[in-house]
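Asker: coords below, sequence missing:
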């Protein structure tokens, strides 16, 4: 019989992987609480139109990467490829725009994109999506960026770079697009098929091509930063000033546009320690001042990011950062004829993790197992209990109360 394996592009997070995953997600949640962000959970699938209207019909996500299907009622649905649009949809649907603004939301959830599986890149992958909706203040942009910089430093990641840009808004971008198109017309020979296709959907997308040769040629193209209106230029200057005050270093990258239609003004990426092109970006986001309006809500500014957990875990591994293994508090090794069922039950009721042998091991085998999987091994014999801890002298106890005092 053929063995069934996980679908291509997915992966199992095994018990041995969990300590590092928990280290990452626990720190994410701790910082979200510290910064005043509240958890929201949205469905794993949404109406397809949500992503077509926000990501852009011509985006790589919509054109190549979405898992779209028709349900039995004939509705077109799509597995969530990113977290921002669903959170904004929930913001509108549940009237959060009537609450005091800004509304700070986050989710840690799986996302689904059909793409060639690579190192740190999965078709089902987990992301932190952090969104601050309802404020156009530059201080919000800086705070969102500061959050991820703080997360990396708290986890011990040191080899990373923050790349920053502003892509303007409805007031200044049209004039820039005209200048860019004129340059692209004159230099069409430097564009490959991918760049030409991206230009058809949105000229700005040419900067998001994969080819290093084309990216190098585009260094000579007009930059959006030279065409910002006074309001966008002032906004970006204040974002940079706040980041300077926070002590967050950054690199200005005038070609950083991100790949989705909804971005305006501030865009940013964090580049991690992995040198492979596909897995180097560990966080990307920006401002999306027209997204809420685009899906039927009131005109509402916002900013946020998506940060892959797999890529962040990979970054920790590359820097040699580990997490403490998950161990039981107590393991009972029972001699023949003795039982640890009652004390295990009592300890669990007290919130102390405990277990005993379920595999018929010898007493020696039980002790060996306990020393690998628990902080404390208790040997249960007719004459009493003996507490064994690595590197310490054995201690005799008689009941759960004495054991608790020893563990305290």
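Answerer: Thanks, I have it. Computed from a predicted structure; not experimentally measured.
Asker: Run a quick neighbour tally on the nearest residue to residue 274 once chain neighbours are set aside.
Answerer: Nearest residue to residue 274 in three dimensions, chain neighbours excluded: residue 280, at 5.3 Å (Cβ to Cβ, 6 or more residues apart in numbering). In short, each C-beta sits where N, CA and C put it, glycine included. Applying other Cβ atoms under 10 Å, we find 18 residues neighbouring residue 280.
Asker: Check residue 151 too.
Answerer: 22.
Asker: isn't there a helix covering it?
Answerer: Yes: judged by DSSP: H, G, I helix; E, B strand; the rest coil, residue 151 forms part of a helix.
Asker: any idea which element the closest residue in space to it that isn't next to it in sequence lies in?
Answerer: In space, and not counting its chain neighbours, residue 151 is closest to residue 31: 5.7 Å by Cβ to Cβ, 6+ apart. Assigned by DSSP states H and E, residue 31 falls within helix 18-35.
Asker: Now do that helix, average pLDDT.
Answerer: Mean pLDDT, helix 18-35: 96.
Asker: what does stretch 47-58 give?
Answerer: For stretch 47-58, mean pLDDT rounds to 82.
Asker: repeat for stretch 106-120
Answerer: Across stretch 106-120, pLDDT averages out at 91.
Asker: Now do the end-to-end distance for it.
Answerer: End-to-end distance of stretch 106-120 (Cα to Cα, to the nearest Å): 22 Å.
Asker: Could you do stretch 160-174 as well?
Answerer: First-to-last residue span, stretch 160-174, Cα to Cα: 33 Å.
Asker: where do the helices sit along the stretch 251-400 of the chain?
Answerer: Taking DSSP state H, counting those that start in this stretch to define them, one finds helices in the stretch 251-400 of the chain at 291-294, 309-318, 341-349, 363-373, 400-407.
Asker: Including distance to residue 217, could those helices go into JSON lines?
Answerer: As requested, the helices of the stretch 251-400 of the chain are arranged in JSON lines below (distance: least, Cβ to Cβ, whole Å):
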{"stretch": "helix 291-294", "distance to residue 217": "31"}
{"stretch": "helix 309-318", "distance to residue 217": "28"}
{"stretch": "helix 341-349", "distance to residue 217": "65"}
{"stretch": "helix 363-373", "distance to residue 217": "57"}
{"stretch": "helix 400-407", "distance to residue 217": "66"}
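Asker: if we can go back for a sec, my read is that the residue nearest to residue 151 contacts residue 150, right?
Answerer: Yes: Residue 31 is within contact range of residue 150, at 6.3 Å (criterion: Cβ atoms under 8 Å).
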